[in-house]
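>>> Need the 3D shape of this:
(one chain, ligands or ions: 1)
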Amino acid sequence: MKRIAVLPEGSVSHEAIEFLFDGEPLELNHFKLISDVFRAVDSGSVQYSVIPFENTIEGSVSLHMDWLVNEVDIPIQAEWVYPSIQNIIGHGNEFRMHDGSYDFSKITKIMSHPVAIPQCQNFIRQHSPDANLEGVNSTAEAVEIVKKNPGKGWVGIGTKLAARKHGLDIMAERVTDHDNNYTRFVLIGHEPVSIPRKADHMKTSLIVTLPEDAPGALHQVLSAFAWRKLNLTRLESRPTKKRLGSYYFYIDVVETVDSVLLTAAMAEIEALKCQVRVLGSYPCYTYPSPS
Ligand SMILES: O=C(O)C(=O)C[C@]1(C(=O)O)C=C[C@@H](O)C=C1
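Predicted coordinates for the structure are as follows:
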């Protein structure tokens, strides 16, 4: 049975990993902090870790990107997309009105993961503009804290799975600003993984660091992909954290063509005195579109 580190029971990450393995029994080790989820592979206590990487509304989860690049050396083995469906969860009796509906203006505090709160801005502005917003380690943790603090007017933004686990009420369903709210997850680990789904395509993730003060270097790097007709799906710069104004580039290449071309592109980029690090070449699984 695969041993996998993931955020707490009822988190979006937990739902997502159960989806990826489609009912295959898994040994899940739950951790409160994403840093511990990352470290679990390093310490050998699990084979794989589940990392949320990018969200439709919020974009890259930069903290997780930086951890993958700077703090650990663990390859990406798979990527998949899963919907982040968020709900308002609380002790319903604190907010229930005579007609049975909820008075959301009574909410004093809304807690969730810092990536989940901005996903629900419209709902918050419209229904609970005076509530305090508080970021915690996961959506699941927010719901757990609310459970332990009745009578204070607190609610959490989280999954139905978390509401069920803690026996709380789902006061409003699907409260994200856009229905198409998806999160891209990556599975990291030292061994390739078998997944009971059909992969959509392969992808290679690269970290490219340009030589200092080389005008046109990024243009030349991009040309190495362009003339080989290699399809880039992501190009993002992040600070190297070594000094202000120094960046690395995170590049995703979808391999729809022969990988020999990609190897040649990387050799060309290295010849330009760039540093190239491969974060992984891995299968990607898309979420089935509603029929
Ligand atoms: O807090 C959770 O439930 C998580 O799985 C983490 C996480 C994230 O880090 O992006 C995952 C997806 C959600 O959109 C919000 C939070």
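>>> Pretty sure residue 221 sits against residue 209.
No - look at residue 221 against residue 209 with Cβ atoms under 8 Å: they stay out of range, at 10.3 Å. Every C-beta, even on glycine, is put in place using the N, C-alpha and C of the backbone.
>>> which one of those two has more residues nearby?
For residue 221 versus residue 209, neighbours defined as other Cβ atoms under 10 Å are more numerous around residue 221 (22 against 15).
>>> Can you give me the distance of the more buried one to the ligand?
In this structure, residue 221 and the ligand are separated by 29 Å, where distance is defined by Cβ to the nearest ligand atom, to the nearest Å.
>>> Could you say which helix or strand holds that residue?
Secondary structure from DSSP states H and E places residue 221 in helix 217-226.
>>> tell me the phi and psi of residue 204?
In terms of degrees, to the nearest 10, the main-chain angles of residue 204 are phi -120, psi 130.
>>> same thing with residue 183?
When read as degrees, to the nearest 10, the backbone of residue 183 gives phi -120, psi 140.
>>> Kindly report the same for the one 4 residues further on.
For residue 187, the backbone dihedrals (degrees, to the nearest 10) come out as phi -110, psi 120.
>>> cool, residue 189 as well?
The phi and psi values for residue 189, taken as degrees, to the nearest 10, are phi 180, psi 170.
>>> correct me, but it touches residue 51?
No - using Cβ under 8 Å, residue 189 makes no contact with residue 51, being 10.6 Å away.
>>> Neighbour count for the two, which is higher?
Set side by side, residue 189 and residue 51 show more neighbours around residue 51, with 25 against 22, by other Cβ under 10 Å.
>>> Distance of that one relative to the ligand?
The span separating residue 51 from the ligand equals 8 Å under the rule Cβ to the nearest ligand atom.
>>> Wait, that residue touches residue 34, no?
Yes - in this structure residue 51 lies within contact range of residue 34 using Cβ under 8 Å: 7.3 Å.
>>> which neighbours do those two share?
Listed as contacting both residue 51 and residue 34 by Cβ atoms under 8 Å, 6 or more residues apart in numbering are 64, 67.
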